[in-house]
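1. Need a 3D model of the sequence below.
(4 chains)
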Number of protein chains: 2
Amino acid sequence: MRIGELAERTGVSRRLLRYYEEQGLITPTRSPNGYREYGEPHVDVVQQIKGLLDAGLPTRIIQQLLPCLDKPHTIYAPFVTPEMIVTLQHEQARLSERIEFLTRNRDAIADYLGTVLTVSERREQVTS
Amino acid sequence: MRIGELAERTGVSRRLLRYYEEQGLITPTRSPNGYREYGEPHVDVVQQIKGLLDAGLPTRIIQQLLPCLDKPHTIYAPFVTPEMIVTLQHEQARLSERIEFLTRNRDAIADYLGTVLTVSERREQVTS
DNA sequence: CTCAACGCTCACATCGATGTGAAGGTCAAG
DNA sequence: CTTGACCTTCACATCGATGTGAGCGTTGAG
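-> Residues are numbered from 1 along each chain as shown, chains lettered A, B, ... in the order given. Just a heads-up that it's a prediction; the model follows:
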């Protein structure tokens, strides 16, 4: 498919799709006329990128993460440098921290909403 | 305490502390000489802000979140507008999505590392 | 008294993610 | 053959989060 369709199906602007490419996150092939050609898998990858991006990860990191995020692991140990492993472990830890932090905050909001809604409910009963 | 100490204790630059204030996230008092004066609780609040910020939330949202993130809920239902509640619920849902997404990705990395490390371990045994 | 270390404001710079638009190529339908 | 809807590249603009530094006030120690 071409860039327009991919943009529509992923909700990511053409501009950004080209940007992701420029950042080395995706590498579409080119038709003879120079148009970018994307395959079906690109839809998921772009969603992935989008998600990681607005989770606050920079493209630099995403680039390192992507290769190990597609299900059938096509890259084996021989191709993975020790530095890569360290980076991954590091990034994994950061993700865990992030998750814990967000969970704590979400739960705090839940608490708050729980209290607030209970109170306004009680008031409703009184005034009715 | 003054801005320098707070910066040092939170790892957030003076510049950013002033920026947070400008965005309405913290409101230090002022000494007679015009210096900002922070209290002990500000340390935690700033950490909170920092965390939410690099989890990708914009200051605009953080501003709405903060009031319901301090433990003793000092603000009750009467002061909470229905719009606020809707915003909070919305933001809570977004946080949940984010958490799920990050968790999936972290687990994928864990998987990958598991595979990779197992393989290189096996190779180690063979070559040794 | 003076100097270093801090504070203040203000403004301009940078960086990454995005938008927007110009100038032009490709192609299918009328 | 033209027109409209795509595509291309390139460049400049914007936005939020940050850095940097100028110019100036405050304060405490030597």
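
2. Could you report the distance from residue A:115 to residue B:60?
-> For residue A:115, the distance to residue B:60 (CB to CB, to the nearest Å) stands at 24 Å. Every residue, glycine included, has its C-beta placed from N, CA and C.

3. roughly how far out does stretch A:97-105 sit from the chain middle?
-> The chain centre lies 16 Å from the centre of stretch A:97-105; the measure is CA atoms, centre = their mean, to the nearest Å.

4. Can I get stretch A:91-110 in PDB? Just the C-alpha atoms.
-> As requested, the backbone C-alpha atoms of stretch A:91-110 are provided in PDB (Å, rounded to 0.1, in the frame of the first residue of the first chain):
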ATOM      1  CA  GLU A  91      15.500   0.000  28.900                       C
ATOM      2  CA  GLN A  92      13.500  -2.900  30.300                       C
ATOM      3  CA  ALA A  93      14.200  -1.600  33.800                       C
ATOM      4  CA  ARG A  94      13.200   1.900  32.800                       C
ATOM      5  CA  LEU A  95       9.900   0.600  31.400                       C
ATOM      6  CA  SER A  96       9.300  -1.300  34.600                       C
ATOM      7  CA  GLU A  97       9.900   1.900  36.600                       C
ATOM      8  CA  ARG A  98       7.600   3.800  34.300                       C
ATOM      9  CA  ILE A  99       4.900   1.200  34.700                       C
ATOM     10  CA  GLU A 100       5.100   1.200  38.400                       C
ATOM     11  CA  PHE A 101       5.000   4.900  38.600                       C
ATOM     12  CA  LEU A 102       2.000   5.200  36.200                       C
ATOM     13  CA  THR A 103       0.200   2.400  38.100                       C
ATOM     14  CA  ARG A 104       0.600   4.200  41.400                       C
ATOM     15  CA  ASN A 105      -0.700   7.400  39.900                       C
ATOM     16  CA  ARG A 106      -3.600   5.700  38.200                       C
ATOM     17  CA  ASP A 107      -4.600   4.000  41.400                       C
ATOM     18  CA  ALA A 108      -4.400   7.400  43.200                       C
ATOM     19  CA  ILE A 109      -6.800   8.800  40.700                       C
ATOM     20  CA  ALA A 110      -9.100   5.800  41.100                       C
END
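
5. give me the number of residues near residue A:90?
-> 11 (other CB atoms under 10 Å in any protein chain shown).

6. near chain B at all, the helix or strand where it lies?
-> Using DSSP states H and E, residue A:90 sits within helix A:82-127. Yes - using CB under 8 Å from any CB of the partner chain, helix A:82-127 reaches chain B at A:85, A:88-89, A:91-92, A:95-96, A:98-99, A:101-103, A:105-106, A:108-110, A:112-113, A:115-117, A:119-120, A:123.

7. Around DNA strand C, which positions in chain A sit nearby?
-> Proximity of chain A to DNA strand C (CB under 7 Å from any atom of the strand) is limited to residues A:13, A:15-16, A:19, A:23, A:31-34, A:53-54, A:58-59.

8. rerun that using 6 Å as the cut-off
-> Contact residues, chain A versus DNA strand C (CB under 6 Å from any atom of the strand): A:13, A:15-16, A:19, A:33, A:53-54, A:58-59.

9. Pull out the buried residues from those residues.
-> residue A:53 (16 or more other CB atoms under 10 Å in any protein chain shown).

10. before we move on, back to that, neighbour count winner among residue A:115 and residue B:60?
-> Legend: neighbour count by other CB under 10 Å for residue A:115 and residue B:60, higher for residue A:115 (16 against 9).

11. low-scoring pLDDT stretches of chain A, where are they?
-> A:71-79, A:119-128 (pLDDT under 70).

12. Kindly recompute the last result at 90.
-> By pLDDT under 90, the weakly predicted segments of chain A are A:54-56, A:64, A:67-88, A:111-128.
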